[in-house]
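Asker: Any chance you can model this:
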Amino acid sequence: MTPIRFPIYRFSNMKPDPTKHLPLSPATLHVLLALTSGDLHGYGIMLEVARQSGGQYKIGPGTLYDNLKKLLKLGLVEESPAESSESEPRRRYHLTQAGGSVLAAETERLTGVLREARRGLRLHEERPA
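Answerer: Numbering: from 1, shown residues only. From the prediction side, this is the model:
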C-alpha cells in the first residue's frame, strides 16, 4: 500500500502566497475593502461599498453573496458569531488575516499599475504632436 503524500503547502510553517489570488475582480476588491471597517452583514457590505466608492460602484445581492461564498471557501472572509441580543440574527462577516494579506497585495499591485499609467500618460503628453 502506497502512503498518501500531502502537498507541501499543508505544512503550518509555510506561509500562503497572497498573490495567487490576484488580480481581484472589482466586486471582490470592494467586498474585502468594505470589511476593513469591521464586521458587517450583507446589506451593510452593500452600503459600505457604495459609501467607500462615493456611489460610483454598487454591488447587488447576487454578486455580493456569490463573492462571499467564494471568499469564505478561500478563507479570506469568515462568518462572525451571532450576537445574542439579536432577535433575528443576521450573518455577519469579517476579514481574516489571509484576506487582509490578499487585499494588501492587491493594493500594492494596483499602485504599480497606476504608477505605470501615470508614467505612460506623461510620456504621451510630452511627445510632439
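Asker: Which residues does stretch 81-98 contact?
Answerer: 16, 18, 32, 35-36, 38-42, 44-45, 68, 72, 74-80, 103 (Cβ atoms under 8 Å, 6 or more residues apart in numbering). Bear in mind the C-beta positions are built from the backbone N, C-alpha and C, glycine included.
Asker: ugh, wrong one, stretch 109-121
Answerer: Contacts to stretch 109-121, defined as Cβ under 8 Å, 6+ apart, come from residues 19, 22, 23.
Asker: How is the last one assigned, secondary-structure-wise?
Answerer: Which is residue 23. Per DSSP: H, G, I helix; E, B strand; the rest coil, the secondary structure class of residue 23 is coil.
Asker: quick one: it and residue 106 touch, right?
Answerer: Yes - applying Cβ atoms under 8 Å, one finds residue 23 in contact with residue 106, separated by 6.9 Å.
Asker: Neighbour count: these two, which is higher?
Answerer: residue 106 (20 against 13; other Cβ atoms under 10 Å).
Asker: I'd like to know the average pLDDT value across stretch 47-66.
Answerer: Mean pLDDT, stretch 47-66: 97.
Asker: now do stretch 77-90
Answerer: For stretch 77-90, mean pLDDT rounds to 80.
Asker: Restrict it to CA atoms and write it as CSV.
Answerer: Below are the C-alpha coordinates for stretch 77-90, written out as CSV (Å, rounded to 0.1, in the frame of the first residue of the first chain):
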residue,chain,number,x,y,z
VAL,A,77,-13.5,36.0,5.0
GLU,A,78,-15.2,34.3,8.0
GLU,A,79,-18.6,34.4,9.4
SER,A,80,-18.8,36.2,12.7
PRO,A,81,-20.6,34.6,15.7
ALA,A,82,-24.2,35.8,16.0
GLU,A,83,-24.8,38.4,18.8
SER,A,84,-27.2,37.1,21.4
SER,A,85,-29.1,40.4,21.5
GLU,A,86,-30.4,40.0,18.0
SER,A,87,-33.9,38.5,17.8
GLU,A,88,-33.3,37.5,14.2
PRO,A,89,-29.6,37.1,13.9
ARG,A,90,-28.1,38.1,10.6
